[in-house]
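S.K.: Curious how this folds, go ahead:
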Amino acid sequence: MILYIILTFSILINALLGWYIYKLLKNLISMEDQFLEMKSKLLEFATHLRAINKVESFYGDPTITSLVEHMKRLAGEIENYSQVMVVFEDDLQEDTDDEEAQA
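M.R.: So this is what the prediction gives:
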C-alpha cells in the first residue's frame, strides 16, 4: 500500500517537473528569438548609420563618426553575447545536416 502512495507521489512530482522544464525551455526559446530579432535590427541600424556617414555632406562629422564607432563596439558586444545566447543554433544545424545525409 505504501509503495502505491510513493509511486503516485513520484509520478505527480515527475509530471510537475516535466511541465516546469517545458515552460522554461519555451521561455528560453522565446528569449532567443527576441534576441536574434534585436540583433538583426541593431545590425540594420549600423548599416544605415555607416551609409549616412559616407554621404558627402555628413562625411567626417564628429558626431556621426563617434556614433559609427559606438555602433562598432556595440556590434562586437552583441556578437560576443550572441555566441553565449544562441544555444540551439549549432545543434539544430548539425541535426538538419545529419537528417539530410541520411536521406
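S.K.: got any ranges where this structure has weak pLDDT?
M.R.: Along the chain, the model assigns pLDDT under 70 to residues 85-103.
S.K.: Apply 50 and report the result again.
M.R.: Along the chain, segments meeting pLDDT under 50 are nowhere present.
S.K.: If we ignore the residues flanking it in sequence, what's nearest Y59?
M.R.: Spatial nearest neighbour of Y59, chain neighbours left out: N53 (6.8 Å); criterion: C-beta to C-beta, 6 or more residues apart in numbering. Yep, even glycine has a C-beta here, placed from its N, CA and C like the rest.
S.K.: which helices and strands sit right next to the helix or strand containing V84?
M.R.: Using DSSP states H and E, V84 maps to helix 62-85. Taking 3 or more C-beta pairs under 8 Å, 6 or more residues apart in numbering; DSSP states H and E as contact, the helices and strands that helix 62-85 lies on are helix 2-54.
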